[in-house]
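Peer 1: for reference, the sequence and a predicted model appear below.
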Amino acid sequence: MSSVVRKAMLGAWVLLGGTLACTGVANAENRGQLSYAEDVRPILQIRCMECHSGNGPGVTSSGLSLETYEGLMKGTRFGPIVVPGNAMVSNLNVLVEGRAGIRMPHDRKRLTSCETSILHDWVNQGARNN
């Protein structure tokens, strides 16, 4: 399968999956345990890995590679971006939610409220590699 087709299918899956994960759900208590593999990684693949993988500009400027769970949890050369259990101070959440002077992703479409909610709730649930 070509990378273009694979990316299109993944994008459709994320949009459908994200919609299903957030439909009628007010918070993490109702949503249940979120999965890195099923809920978080697809968002990162579509929204972040263009810059934060390989030798992308996000990797070269900050050292942050989002290709693996371990890379996400390692963070940048300046320190971790995820504080398991505390999305309010996790730089991942601060940046994608627009609570800082800069917003991620740079110069690209913002994450939807559903996507930011999934990332926020996953971090608050302990940011597990599940």
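Peer 2: Ah, there it is.

Peer 1: and the helices in the protein?
Peer 2: Assigned helices in the chain, in chain order: 3-22, 28-31, 41-47, 57-62, 69-74, 91-96, 113-124 (criterion: DSSP state H).

Peer 1: and the third one, how far from the chain's centre?
Peer 2: Translated: helix 41-47. For helix 41-47, the separation from the chain centroid amounts to 6 Å (computed by C-alpha atoms, centre = their mean, to the nearest Å).

Peer 1: and the residue minimising distance to the centre of the chain, how close does it get to A127?
Peer 2: To find the centre residue of the chain, average its C-alpha atoms and take the closest one (C-alpha atoms, centre = their mean): that gives L44, at 4.1 Å. From L44 across to A127, the span is 12 Å (C-beta to C-beta, to the nearest Å). The way it works is simple: take the backbone N, C-alpha and C, and place the C-beta from them, glycine included.
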